[in-house]
Structures are given as structure tokens and as C-alpha cells.
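Trainee: got a structure for you, letters missing:
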């Protein structure tokens, strides 16, 4: 049976696009400033260039798979599987990303909050009488990513080379052309030139990369600080694989619990956080119940009514409705990325159990 048509794929105009999906022609933009029509096409364009890719959650820089550094690939079949729902065959709007490091250092020039990273980096290059031509990507905020080759391993940095100049090295990642921010604006390729070597005097200002050392505190007094808990919550809400009912759910739960050990939190806190922030089963059941009450079977559930229903059913806890909305938005995006929720534009619609597959959230 051919895969079901994805209502969010080709044929629907996407925001922030340069390519006209109706005519399959590009608008009047320089060839170097064209964006792929969808995030998946961005992933395909990257692997055609030899850049390994992995998916991030829609509209974010948050990896959608565990072990993303190891799972980054240039294999087209593996890329297809990571960007398509295994049940419906629908294309998932996951952002294409690639790990940095291993000889690649990306200079991130920021223009937000009054910073002028591009001008400051140009001044730094002038200092060394250096005018590099290299692979360049423009971010939706107007900043730029400049890709360079280096010998050795170097850390990520923020402002070390100047105001508005960050770097992404070993342990980091960058989004690729075709990726979208939360508002639907794309990352755009500016220059497809080969990656130039980073100037040695700039390399000398970077710190060598040191792999993190696993830390497993033995007592609760060494654990559960606010930063560790906040990082664990972010992992559970945005990165951890979604739980399922049945045998596979147990193995997923074990792997998530094992991952939480790396965040320096106690076993008791890990159990409490998983119960509060990870289990999506009750949320999806609530969404299906709300959808079943609609007289119009195709109408969407708005974020506001989902948040209000979740608060009423104690499925989300937050200091304010804004915090609850932000938390719910992340959870809905995760369900969407897993192919269990449809983005209808005006709201969300849960995928029926028969479409989602036997035993998964049924």
C-alpha cells in the first residue's frame, strides 16, 4: 500500500519559504540564497554534499533521537526513516542538523540583542589580513554560520573570539539549510564553497576539547541541585523517546532512567520527574477525548483549550498559565514529531489509534 499523503508536505505552502511549492519554481532570489522546500529536502541536500545528518524536533535545535552524534548519517535510507512516520509514511517536519567537531569548527555570528558578530569577525579577520571564502549559512535571525576545518578537537565557545562570535566544535551541533525556527523562517545557504581552514591564530585562541567525565554521586546531598533538575526536565520533555504501552514501553523506560543518571539526580527525584514530565499516555488520551467531543471531526484543538483541559486534569503543573503553555507546546511538538499528532495550522488533531499503530498509545 502506498504511504498516506502527508498534509504538511509538498503541495502546501510553508511559511518563510523561497521556493514556490505550487509551481516548483524559485522566487527571484540569488541561486546561493535558495532554501530547500522542506526540512527533509534540506537533509537530502546535506547528505548529497557528504554532510552527515540527524533530526531535531520541529522548529527547534533539540535532537529528536538519542545518541544523535553516533546516528548522524549520509545513508539515504536511514535519513528517509528518520524523517518519515513508520506507520503512515508521512514526512515529519524535523529539522536537519549535523554534529560539529571532528575537524569541523563552525563560527556562529550572532546579531540578536544589539550584537554585531559579522562586523566583529570581519575586524578579527582584518587583524590577521585574512579574507576567507567558505561554506556559509544564514540563520533566521540574520546571523551567519561560517564552517571551517581545523586539526584537532576544540570546545564550543561563547564570546571567546569577540562579542557576538560563538563557535561550535566537538560536542556541538548546527542546524542546516532547510531547517525552520519556531516561526517557520528558514536557515538559508549563502555560499556553497568548500570549507576553508580556520586561521591558526584564531585556532590558538580556542580551548582544546576534553570529553566529559561521567559523574555518579552517591548521596542525595551531592545531587538534585536546581540546574541538574532543570536539565533533566528539559531532557524528559523534549529529547527522551516517547513511552509506549506494552513490552517495548518497559525497555524505553529503562533506557530513559539510565540516561537520567547522567544528570546527577537521585533515584527518587528521577522517578518523580519521569512520572510528572515524561509519561505522555494520559495527555494523548485527553487529546483524543477532546477531539471525540467535537461535532466537526476535522476541527483542530487550540493550544489554549488543550492547556486549560490539561490544567483541569492535573496533567501539567506550572507557576503560571504562560509556563504551562510553554511546557505544553514542547510536549505537543514532541507528539507531532513522533507522528502521533497533526499540526492543522489553527491547532492540533490527534492521530487515530488505527493510524498510529497497534499497541502504541491505544
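Mentor: Great, that's in hand. Model, not experiment: these values are computed from the prediction.

Trainee: gap between the closest residue to residue 50 other than its chain neighbours and residue 289?
Mentor: Closest residue to residue 50 apart from its sequence neighbours, by CB to CB, 6 or more residues apart in numbering: residue 74 at 6.2 Å. (C-beta placed from N, C-alpha, C; glycine too.) To residue 289, residue 74 is 43 Å away according to CB to CB, to the nearest Å.

Trainee: more neighbours: the two, which one.
Mentor: Higher neighbour count among residue 74 and residue 289: residue 74, with 15 against 12, using other CB atoms under 10 Å.

Trainee: contacting residues for that one?
Mentor: By CB atoms under 8 Å, 6 or more residues apart in numbering, the residues touching residue 74 are 47, 50, 51, 52, 53.

Trainee: just the ones of those residues in helices?
Mentor: Among the contacts of residue 74, DSSP state H puts residue 47 in helices.

Trainee: going by residue numbers, what spans are helices in the stretch 151-300 of the chain?
Mentor: Under the criterion DSSP state H, counting those that start in this stretch, the stretch 151-300 of the chain carries helices at the ranges 200-203, 226-234, 247-260, 267-273, 281-292.

Trainee: and the fourth one, what's its mean pLDDT?
Mentor: Confidence over helix 267-273, taken as the mean pLDDT, stands at 73.

Trainee: how far is it from where the chain is centred?
Mentor: Relative to its chain's centre, helix 267-273 lies at 25 Å (CA atoms, centre = their mean, to the nearest Å).

Trainee: that helix packs against which elements?
Mentor: helix 226-234, helix 247-260 (3 or more CB pairs under 8 Å, 6 or more residues apart in numbering; DSSP states H and E).

Trainee: report the buried residues of that helix.
Mentor: Within helix 267-273, the residues that count as buried by 16 or more other CB atoms under 10 Å are 269, 270, 273.

Trainee: got those as a markdown table, with distance to residue 349 columns?
Mentor: Shown next, in a markdown table, are the buried residues of helix 267-273 (distance: CB to CB, whole Å):
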| residue | distance to residue 349 |
| --- | --- |
| 269 | 35 |
| 270 | 33 |
| 273 | 29 |
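
Trainee: which residue is the nearest non-sequential neighbour of residue 146?
Mentor: Computed as CB to CB, 6+ apart, the closest residue to residue 146 that is not its neighbour in sequence is residue 107, at 4.4 Å.

Trainee: distance of the one you found from residue 196?
Mentor: Counting by CB to CB, the gap from residue 107 to residue 196 is 11 Å.

Trainee: for residue 289, same thing?
Mentor: Distance of residue 289 to residue 196, given as CB to CB: 56 Å.

Trainee: report the inter-axis angle for the longest helix along the chain versus helix 226-234.
Mentor: The helix spanning the most residues in the chain, taking DSSP H as the definition, is helix 321-337. Orientation check (axes from the mean of the first three to the mean of the last three CA atoms, to 10 degrees): helix 321-337 against helix 226-234 gives 40 degrees.

Trainee: and helix 321-337, what's buried?
Mentor: Neighbour count says helix 321-337 has 324, 325, 327, 328, 330, 331, 332, 333, 334, 335, 336, 337 buried, by 16+ other CB under 10 Å.

Trainee: first vs last residue of stretch 88-102, how far apart are they?
Mentor: End-to-end span of stretch 88-102 (CA to CA, to the nearest Å): 36 Å.

Trainee: what segments of this protein are strands?
Mentor: Using DSSP state E, the strands of the chain run over residues 19-20, 25-26, 54-56, 95-99, 104-109, 136-138, 144-149, 157-158, 165-168, 173-175, 188-191, 196-197, 341-343, 348-350.

Trainee: who wins for proximity to residue 35 among those strands?
Mentor: Of all the strands of the chain, it is strand 188-191 that lies closest to residue 35, at 4.8 Å by CB to CB.

Trainee: tell me what that closest one is packed against?
Mentor: strand 136-138.

Trainee: and residue 123, how many residues sit next to it?
Mentor: Residue 123 is flanked by 11 other residues according to other CB under 10 Å.

Trainee: for the residue nearest to it when sequence neighbours are not counted, give me phi and psi.
Mentor: Excluding the flanking residues, the one nearest residue 123 by CB to CB, 6+ apart is residue 162, at 7.7 Å. When quoted as degrees, to the nearest 10, the phi and psi of residue 162 stand at phi 150, psi 160.

Trainee: how far away is residue 162 from residue 198?
Mentor: 14 Å.

Trainee: more neighbours, the two?
Mentor: Using other CB under 10 Å, the more surrounded residue of residue 162 and residue 198 is residue 198, with 24 against 17.

Trainee: shaky segments in the stretch 151-300 of the chain?
Mentor: 211-227, 237-239, 241-254, 272, 275-282, 295, 297-298 (pLDDT under 70).

Trainee: show me the shaky parts of the stretch 1-150 of the chain.
Mentor: Using pLDDT under 70, the stretch 1-150 of the chain drops low at 1-34.

Trainee: how does it look with 50?
Mentor: 1-32 (pLDDT under 50).

Trainee: what are the ranges of the helices in it?
Mentor: Remark: helices assigned in the stretch 1-150 of the chain by DSSP H, counting those that start in this stretch are 39-48, 68-71, 76-82, 117-127.

Trainee: for residue 147, find the nearest of those helices.
Mentor: Nearest of the helices of the stretch 1-150 of the chain (CB to CB): helix 39-48, 11.8 Å.
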